[in-house]
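K.L.:
Take this sequence and fold it.
(one chain, ligands or ions: 2)
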Amino acid sequence: MSIIALLPAAGNGSRMGAAIPKQYLPLCGKTVVEHTVAALHAVPEIDLVAVVISADDTRWDELAWHGFERLLVLRCGGDTRAASVCNGLDALRAAGHDAQSWVLVHDAARPCIAPELVSGMISELADDPVGGILAVPVADTLKAADADRRIAATRPRDGLWQAQTPQMFRLQPLHDALVDGMGPDITDEASAIEKTGQSPKLIHGSPWNLKVTYPQDLHLASLILASATIDKD
Ligand SMILES: Nc1ccn([C@@H]2O[C@H](COP(=O)(O)OP(=O)(O)OP(=O)(O)O)[C@@H](O)[C@H]2O)c(=O)n1
Ligand SMILES: C[C@](O)(CO)[C@H](O)COP(=O)(O)O
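P.N.:
Ligands and ions are numbered 1, 2, ... in the order given. Sure thing, here's the model as predicted:
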């Protein structure tokens, strides 16, 4: 049974407000997506790194991908992240990948993921009947805002976690959950699985595994990657 990383990379990055999709923005000498692909490709347990890009993506082919012998590009991005993931799962099944293959869906916009964190996740979930996600417990006090951006209420944070990626589920069950549950409330793979009545496992992630969403996130990601390089030296 193979273990596949599936990277949705077909977004427009509207919240970043850049002239190009954020996955192609420069970060520490490469592009965001190159860092993410390199990190997942460095996980020894992963047999294939499949990247979902838009059918009209013109930037992917400008990058140098030699040396990534387990890399597959799927030009089947959809109108939403969930649609891109679903299309990618369809393509993997059509290519003959086993329905029970483990698939780790990871945002291309999370370039600081540590390969050892992914290996630990794979080991912890290897025999899990459902699958699970990387996440971090909420550490800040949570406030609900009113229309005037004033505090309307304080929300209890006990037991709350912030979901990250990878999110690891079996190929066909994840595909079917996404197809059956597709809607604006499905912002990650786990929410589709939860809709089927199953409870994915929470695996401790890292605050460094941030999603590059706004301009300040790119600066933070560069500091994280630079410090990771220093730690390795
Ligand atoms: N139709 C989409 C939308 C998003 N994604 C991918 O899903 C990941 C997380 O989504 P998000 O951070 O929301 O990226 P964007 O949709 O590009 O950003 P925004 O919502 O600000 O437009 C990103 O790697 C993005 O490329 C995708 O593959 N297909
Ligand atoms: C999947 C995710 O990264 C988990 O936190 C998040 O839901 C993606 O949200 P986005 O609005 O598509 O970036």
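
K.L.:
Look through this structure and state the residue closest to ligand 1.
P.N.:
Nearest residue of the chain to ligand 1 (CB to the nearest ligand atom) works out as residue 11 at 2.1 Å. The C-beta positions use only the backbone N, C-alpha and C, and glycine is treated the same way.

K.L.:
Let me know whether that residue touches residue 83 as I believe.
P.N.:
No: using CB atoms under 8 Å, residue 11 is not in contact with residue 83; the gap is 11.1 Å.

K.L.:
Between those two, which contacts overlap?
P.N.:
Contact with both residue 11 and residue 83 is made by residues residue 77, according to CB atoms under 8 Å, 6 or more residues apart in numbering.

K.L.:
Against which helices or strands is the lengthiest helix in the chain packed?
P.N.:
Using DSSP state H to define each element, the chain has its longest helix at helix 215-232. On a contact count with 3 or more CB pairs under 8 Å, 6 or more residues apart in numbering; DSSP states H and E, helix 215-232 meets strand 26-27, helix 32-41.

K.L.:
got the angle between that helix and helix 32-41?
P.N.:
Angle, helix 215-232 to helix 32-41, by axes from the mean of the first three to the mean of the last three CA atoms, to 10 degrees: 40 degrees.

K.L.:
Give me the contact list for helix 215-232.
P.N.:
16-18, 22, 25, 27-28, 32, 35, 111-112, 114, 208, 210-212.

K.L.:
Need the helices and strands packed on helix 215-232 in TSV (columns: mean pLDDT and mean neighbour count).
P.N.:
Putting the helices and strands packed on helix 215-232 into TSV (pLDDT from 0 to 100; neighbours: other CB atoms under 10 Å) gives the following:
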stretch	mean pLDDT	mean neighbour count
strand 26-27	98	17
helix 32-41	98	23
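
K.L.:
Format these as TSV; extra columns: distance to residue 135.
P.N.:
Formatted as TSV, the helices and strands packed on helix 215-232 follow (distance: least, CB to CB, whole Å):
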stretch	distance to residue 135
strand 26-27	24
helix 32-41	18
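
K.L.:
just to revisit the earlier point, near ligand 2 at all, the longest helix of the chain?
P.N.:
No: on the criterion CB under 6 Å from any ligand atom, helix 215-232 is out of touch with ligand 2, staying 10.8 Å away.

K.L.:
Mind listing what's buried along that helix?
P.N.:
By 16 or more other CB atoms under 10 Å, the buried positions in helix 215-232 come out as 217, 218, 221, 222, 224, 225.

K.L.:
try stretch 66-75
P.N.:
71, 72, 73, 74.

K.L.:
Export it to CSV, keeping only CA atoms.
P.N.:
Extracted in CSV, the C-alpha atoms of stretch 66-75 (Å, rounded to 0.1, in the frame of the first residue of the first chain):
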residue,chain,number,x,y,z
HIS,A,66,15.3,17.5,-11.7
GLY,A,67,16.2,15.2,-8.8
PHE,A,68,12.6,14.9,-7.6
GLU,A,69,12.1,11.4,-9.0
ARG,A,70,8.9,10.8,-6.9
LEU,A,71,7.1,13.9,-8.1
LEU,A,72,3.9,13.9,-10.2
VAL,A,73,2.1,17.1,-11.4
LEU,A,74,-1.7,16.9,-11.9
ARG,A,75,-3.1,19.8,-13.9
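
K.L.:
Relative to the whole chain's centre, how far out is that stretch?
P.N.:
Relative to its parent chain, stretch 66-75 has a centroid offset of 17 Å by CA atoms, centre = their mean, to the nearest Å.
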